[in-house]
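K.L.:
This is a predicted model, with the sequence first.
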Amino acid sequence: MRRIGVVGAGAWGTALAMAAVRAGREAILWAREPEVVDSVNARRVNDAFLPGIPLDPSLRATGTLSDLAEADALLLVTPAQHLRTACRSLKPLLRPNVPVAICAKGIELDTGCLMTEAAAAELGDQPLAVLSGPTFAAEVAKGLPTAVTLAIRDQALGKALVEAIGGRTFRPYLSDDLVGAQVGGAVKNVLAIACGVVEGRRLGDNARAALITRGLAEIARLGLALGARPETLMGLSGLGDLTLTCSSMQSRNMSLGFALGEGKALADILGARRSVAEGVYTAKAVVGLAAAKGVDMPICQAVDAILNHGADLDATIGALMTRPFKTEGF
């Protein structure tokens, strides 16, 4: 695997392309926006999505998707709600057995599908992997130490992928639990919005710690209902990702929740941003999937009520705190 194609030149896609370059690979970064292609190729920086971080001179950006046709592996880093469309466009270009690693975190809003389910519906038998874990794009792009989960059924192919993108500062751990690797990454974005609300409302560190812990129980309940393994949910793509995203204002989802907690309107927050906070879209999808599986997820339900049903913040927080007492557990 010498040539790595990266579909999506947001902050995370750009950072992953840099990780591949550091691993000694040729990385080709596809961007939808012509100005991003020009910025990367001419000025060696992604001004739109990862400003101020110099990019390796060998990294090449393109606006032509067919330039990725000769890639030995693809990293799919589009927003979750656009992943199916991206797969549809990629399908005619892919050679057989070229692995596609899904790096988007979310659940498809229209269908309730996990990302692998949406991708498989468009790509057929193409080998799929999931790359997920506690990552801030800027830190990966700078080469700071990071560990992630790479989940794939074909472990031999997975080992080749690990070697292709892993290096001294970017360490993938191999798994075959694709469901578990996806559930944690999707639900933690919703929980990060809730943690942001706690911070914005000045409810204290005790409340945030309780929310993270009970949020992990919600991840575990949904994951187990979908067939995930407990150790995956307690690993990098579950507990690790949840801890990071709910503990720093670098998180787009937590910072969005913080703004909500301070009293700003959701439309105004989204209107001022170019990057996507996946939890806004995933909240409704998670609640729908949980209902279909008979899984109780009160924190995610509260976030969905605030985002999509105009629920009052203080009343919603009060309702969570006055639920009947229960025994701790999943």
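P.N.:
Cool, the structure landed. Keep in mind that this is a model prediction, so the values were computed, not measured. Numbers count the residues shown, from 1 in each chain.
K.L.:
For the residue nearest the centre of the chain, give its distance to G133.
P.N.:
Nearest to the mean C-alpha position of the chain, by C-alpha atoms, centre = their mean, lies K105 at 2.9 Å. Going from K105 to G133 by C-beta to C-beta, to the nearest Å gives 10 Å. C-beta: built from backbone N, CA, C; applies to glycine.
K.L.:
A11: neighbouring residues, count only.
P.N.:
A11: 22 surrounding residues under other C-beta atoms under 10 Å.
K.L.:
show me what contacts the nearest residue to it once chain neighbours are set aside?
P.N.:
Nearest residue to A11, sequence neighbours excluded (C-beta to C-beta, 6 or more residues apart in numbering): A137, at 3.7 Å. Going by C-beta atoms under 8 Å, 6 or more residues apart in numbering, A137 touches G10, A11, W12, T14, A15, L50.
K.L.:
Same question for S248.
P.N.:
Neighbouring residues of S248 by C-beta under 8 Å, 6+ apart: F136, M254.
K.L.:
Low-confidence stretches in this structure?
P.N.:
By pLDDT under 70, the chain has no low-scoring segment.
K.L.:
Quick check: which element contains L74?
P.N.:
For L74, the host element (DSSP states H and E) is strand 73-76.
K.L.:
joint contacts of K105 and G133?
P.N.:
With contacts defined as C-beta under 8 Å, 6+ apart, the residues shared by K105 and G133 are G185, D241.
K.L.:
on that earlier part again, mind picking the one among the contacts of A137 that's closest to T78?
P.N.:
Nearest to T78 out of the contacts of A137 is G10 (C-beta to C-beta; 8.4 Å).
K.L.:
Please verify my assumption that that closest one contacts S275.
P.N.:
Yes: using C-beta atoms under 8 Å, G10 is in contact with S275, at 6.5 Å.
K.L.:
neighbour count winner among those two?
P.N.:
Neighbours around G10 and S275, counted as other C-beta under 10 Å, are more numerous at G10. The numbers are 22 against 13.
K.L.:
those helices in the stretch 1-150 of the chain, which residues are they?
P.N.:
11-22, 34-43, 83-90, 115-123, 137-142 (DSSP state H, counting those that start in this stretch).
K.L.:
I'd like the ones you listed written out as TSV, with distance to M1 added.
P.N.:
Output for the helices of the stretch 1-150 of the chain, formatted as TSV (distance: least, C-beta to C-beta, whole Å):
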stretch	distance to M1
helix 11-22	9
helix 34-43	22
helix 83-90	17
helix 115-123	18
helix 137-142	19
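K.L.:
out of these, deepest packed?
P.N.:
Each of those was scored by mean neighbour count; the highest is helix 11-22, a mean of 26, by mean count of other C-beta atoms under 10 Å.
K.L.:
For that helix, which outside residues touch it?
P.N.:
Under C-beta under 8 Å, 6+ apart, the answer for helix 11-22 is 4, 6-7, 9, 27-29, 40, 46, 49-50, 55-56, 58-59, 75, 77, 103, 131, 135, 137-138, 140-141, 143, 164-165, 167-170, 275.
K.L.:
Report the angle between it and helix 34-43.
P.N.:
Angle, helix 11-22 to helix 34-43, by axes from the mean of the first three to the mean of the last three C-alpha atoms, to 10 degrees: 30 degrees.
K.L.:
42 is where my numbering starts, stick with that
P.N.:
Done: numbering now begins at 42, and the last item shifts to helix 52-63.
K.L.:
just how off-centre is helix 52-63 within its chain?
P.N.:
15 Å (C-alpha atoms, centre = their mean, to the nearest Å).
K.L.:
how about it as PDB, C-alpha atoms only?
P.N.:
What follows is helix 52-63, C-alpha atoms only, in PDB (Å, rounded to 0.1, in the frame of the first residue of the first chain):
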ATOM      1  CA  ALA A  52      -9.400  19.200   9.100                       C
ATOM      2  CA  TRP A  53      -9.600  15.400   9.800                       C
ATOM      3  CA  GLY A  54      -9.000  14.400   6.200                       C
ATOM      4  CA  THR A  55      -6.000  16.700   6.000                       C
ATOM      5  CA  ALA A  56      -4.600  15.400   9.200                       C
ATOM      6  CA  LEU A  57      -4.900  11.800   8.100                       C
ATOM      7  CA  ALA A  58      -3.200  12.600   4.800                       C
ATOM      8  CA  MET A  59      -0.300  14.000   6.900                       C
ATOM      9  CA  ALA A  60      -0.200  10.800   9.000                       C
ATOM     10  CA  ALA A  61       0.100   8.700   5.700                       C
ATOM     11  CA  VAL A  62       2.900  11.000   4.500                       C
ATOM     12  CA  ARG A  63       4.800  10.500   7.800                       C
END
